[in-house]
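A.B. asks: Okay, structure incoming, though there's no sequence with it:
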């Protein structure tokens, strides 16, 4: 079960990188790049492509900052509820094992749906890009992964 959840989490991280690359993060540092805007420059997106990608991303995440704030507090609340639910289970209960499995199944289903959604977004974004831009994005992602790996090696 742990391997499944770990695999799903890794897949989710890989799938969300496309969203990260496509969004404008207002100049914040993004894993070695000043912002995702550098990717749009490196991919040389047309204005039409930028608008299409923006629409795709907004359809999933929304653009309203108030909605983002609510979403952030909602995620934090869910995290706290999940933590409380897990810690409030009574290990001496006859249903403890089943309760834990049920909770784990619910969480894995949520992660599964997130991965499916991110994969769909990635597919939509790739459909907007030319073949050359897709290849360049793959190269940029590989370089980013190599930088992360070398950074992790130096931190160990």
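C.D. replies: Cool, the structure landed. Owing to the predicted nature of the structure, the values given are computational and were not obtained by experimental measurement.

A.B. asks: What residues sit buried inside the helix or strand containing residue 55?
C.D. replies: Secondary structure assignment for residue 55, by DSSP states H and E: helix 47-61. Going by neighbour count (16 or more other C-beta atoms under 10 Å), the buried part of helix 47-61 is 49-50, 52-53, 56-57. The way it works is simple: take the backbone N, C-alpha and C, and place the C-beta from them, glycine included.

A.B. asks: cool, and stretch 98-117?
C.D. replies: Here stretch 98-117 shows 111, 114-115 as buried, counting by 16+ other C-beta under 10 Å.

A.B. asks: immediately after the helix ranked longest in the chain, which helix or strand?
C.D. replies: Longest helix of the chain, by residue count under DSSP state H: helix 96-128. Going down the chain from helix 96-128, the next helix or strand is helix 131-155, by DSSP H and E.

A.B. asks: name the helices or strands packed onto that next one?
C.D. replies: When contacts are defined as 3 or more C-beta pairs under 8 Å, 6 or more residues apart in numbering; DSSP states H and E, helix 131-155 packs onto helix 2-22, helix 37-43.

A.B. asks: picking up where we left off before, what helices and strands are in contact with the longest helix of the chain?
C.D. replies: When contacts are defined as 3+ C-beta pairs under 8 Å, 6+ apart, helix 96-128 packs onto helix 2-22, helix 47-61, helix 65-88.

A.B. asks: Kind regards, and thank you for your time.
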